[in-house]
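Asks: Sharing a model prediction with you, sequence too.
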Amino acid sequence: MRDAANIRDVEALQPDWMGFICWEGSPRNVESCPAYLPHCVRVGVFVEPTLEFVKAKISQLGLNRLQLHGKETPERCAEIGEATGLPITKAVSVASEADVARAYIYNKVKSIDSLLFDTQSAAVGGSGRSFDWATLHNYNGKPFLLSGGIGPDDAARVKAFRHTCLMGIDVNSRFETSPAVKDITALRNFIYEMRKYE
């Protein structure tokens, strides 16, 4: 998110968190501070950043938490968490159950309070493709966010997915009209369907 009007419109839908991509390799990269920042939890999404860069973005965007989306080791995650004092969601790329099993290496890192399971791809994030959620069946670790190609027509499928560690879902590229600009109508309809029978 980086367009002030779009941020306001998304905020009106009452998301729990809103993400700000802080990586030059992404077309959604937030270079300068948006003219408006939301009052919900602001998540800075980073890919193998320097500590100095993370601290600068925390100050610039008023971040409440971090998402590390690269190949950061548990030790590096702990270092960033301890230096910033912010909770971390560690993204894990999934193509098979073996990838899910490898996620347990992050269990002992206190700064990491959640994981995000995303579709494995050559690019970093935003592939628009889903992975087989059945690979998560035996997972029993930190709470996780379900990500990877979730789109406007997936509400019923998401609601049918049951897992004791599931804490939420991450939506991004399939709800965009262009990079970093969300389709408010599609988001509103999706959220309505997700919450309709809660």
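Replies: Yes, it's here. Numbering: from 1, shown residues only.
Asks: What ranges does the protein have for its helices?
Replies: Secondary structure of the chain, counting by DSSP state H: helices at 4-11, 51-61, 74-84, 97-102, 155-160, 184-195.
Asks: The residue nearest the centre of the chain and Q14: what is the separation?
Replies: Nearest to the centroid of the C-alpha atoms of the chain, with distances taken as C-alpha atoms, centre = their mean, sits D170, at 5.4 Å. As defined by C-beta to C-beta, to the nearest Å, D170 lies at a distance of 16 Å from Q14. For the C-beta atoms, the positions are set from N, CA and C on the backbone; glycine is no exception.
Asks: Now the residue nearest to the centre of the chain. Nearest residue, chain neighbours left out?
Replies: The spatially closest residue to D170, leaving aside those adjacent along the chain, is S147, at 3.8 Å (C-beta to C-beta, 6 or more residues apart in numbering).
Asks: Ok, I191 next?
Replies: In space, and not counting its chain neighbours, I191 is closest to L13: 5.5 Å by C-beta to C-beta, 6+ apart.
Asks: My guess is that neighbour contacts L187. True?
Replies: Yes - contact criterion C-beta atoms under 8 Å: L13 and L187 qualify, at 5.8 Å.
Asks: Output the below-cut-off pLDDT ranges for the chain.
Replies: Applying pLDDT under 70 to the chain picks out residues 121-128, 197-198.
Asks: list the contacts for the residue nearest to I191?
Replies: The contact partners of L13, by C-beta atoms under 8 Å, 6 or more residues apart in numbering, come to 184, 187-188, 191.
Asks: These, buried ones only, as a PyMOL selection?
Replies: The buried residues among the contacts of L13 can be selected in PyMOL (16 or more other C-beta atoms under 10 Å) with this line:
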select buried, resi 184+187
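Asks: Quick check: the farthest pair among the contacts of L13?
Replies: Greatest spatial distance among the contacts of L13 (C-beta to C-beta): I184 and I191, at 10.4 Å.
Asks: tell me which of the contacts of L13 is nearest to F161?
Replies: Proximity to F161 was ranked across these by C-beta to C-beta; first place goes to I191, at 16.6 Å.
Asks: which stretches of this structure form strands?
Replies: The residue ranges that make up the strands of the chain, judged by DSSP state E, are 17-21, 41-46, 65-68, 88-94, 112-119, 144-146, 166-169, 176-178, 181-182.
Asks: quick one: contacts of the last one?
Replies: For strand 181-182, the external contacting residues (C-beta under 8 Å, 6+ apart) are 1, 3, 6, 9-10, 175-176.
Asks: Over to the longest one?
Replies: Contacting residues not belonging to strand 112-119 are listed as 67, 69, 74, 77, 81, 87-95, 100, 103, 106, 125, 127, 129-131, 136, 141-149, 167, 170 [C-beta under 8 Å, 6+ apart].
Asks: Extract the C-alpha trace of that strand and format it as PDB.
Replies: Written as PDB, here are the backbone C-alpha positions of strand 112-119 (Å, rounded to 0.1, in the frame of the first residue of the first chain):
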ATOM      1  CA  ILE A 112       9.000 -14.600  15.600                       C
ATOM      2  CA  ASP A 113       5.400 -14.900  16.800                       C
ATOM      3  CA  SER A 114       4.000 -16.200  13.500                       C
ATOM      4  CA  LEU A 115       4.800 -17.700  10.100                       C
ATOM      5  CA  LEU A 116       3.300 -17.000   6.700                       C
ATOM      6  CA  PHE A 117       3.100 -19.900   4.300                       C
ATOM      7  CA  ASP A 118       3.400 -18.800   0.700                       C
ATOM      8  CA  THR A 119       3.700 -20.400  -2.700                       C
END
